[in-house]
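Novice: Sharing a model that was predicted from the sequence below.
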Amino acid sequence: MCNNNYKPTLEHVLGSFKYGCQQMAEIVNSHYFEGCADIHWIGDRYDLCDFSGEWWLTPDEMRQMLESDLSQKDFFEWWNYNLCHAYTPINLESWIMGLRPEYEN
């Protein structure tokens with residue numbers, strides 16, 4: 001049995017999550033939207049972030065963008081591809097790994 005004295009509260013964990021999501025959104029805004037996008041969390045649920053009503057990203061997509069150091073050019077190519085091919089989108093992780101439409105069956 002683990003005898004750990006530290007017991008995080010739900011309030012603390014949720015606060016840390018929301019703070020981290022907001023900080024990540026601000027970094028993405030700075031790197032990809034030149035700091036000009038208005039940041040809004042859809043329904044205040046922190047599972048989908050709206051950047052000026054133009055781009056919508058999940059926290060996991062933002063994490064992938066930042067961890068992979070995805071270029072602004074590659075981000076917009078991915079975004080525009082998915083806008084034009086809504087029925088056959090390519091998820092961000094696959095795009096980062098190099099999948100492009102010409103490689104699909």
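Specialist: In hand now; what should we look at? Computed from a predicted structure; not experimentally measured.

Novice: hang on, Thr99 packs against Leu92?
Specialist: Small correction: residue 99 is Leu, not Thr. No: using CB atoms under 8 Å, Leu99 is not in contact with Leu92; the gap is 10.2 Å. C-betas here are computed from N, CA, C, even on glycine.

Novice: Which other helices and strands does the longest helix seen in the chain contact?
Specialist: Ordering each helix of the chain by length in residues (DSSP state H) puts helix 10-32 first. Counting by 3 or more CB pairs under 8 Å, 6 or more residues apart in numbering; DSSP states H and E, the packing neighbours recorded for helix 10-32 are strand 39-41, strand 49-51, helix 59-68, helix 72-84.

Novice: Leu99 and Leu92: which has the busier surroundings?
Specialist: Set Leu99 next to Leu92 and count neighbours by other CB atoms under 10 Å: Leu92 wins out with 23 against 14.

Novice: tell me the phi and psi of the more buried one?
Specialist: phi -60, psi -40 (degrees, to the nearest 10).

Novice: Now it. Nearest residue, chain neighbours left out?
Specialist: Computed as CB to CB, 6 or more residues apart in numbering, the closest residue to Leu92 that is not its neighbour in sequence is Glu61, at 5.0 Å.

Novice: Could you check how far the one you found is from Leu70?
Specialist: Glu61 sits 10 Å away from Leu70, going by CB to CB, to the nearest Å.

Novice: These two: which has the busier surroundings?
Specialist: Legend: neighbour count by other CB under 10 Å for Glu61 and Leu70, higher for Glu61 (21 against 18).

Novice: Does the more buried one touch Trp95 like I think?
Specialist: No: distance between Glu61 and Trp95: 10.2 Å, which falls outside the contact criterion (CB under 8 Å).

Novice: Show the model's pLDDT score for the residue nearest to Leu92.
Specialist: pLDDT recorded at Glu61 is 98.
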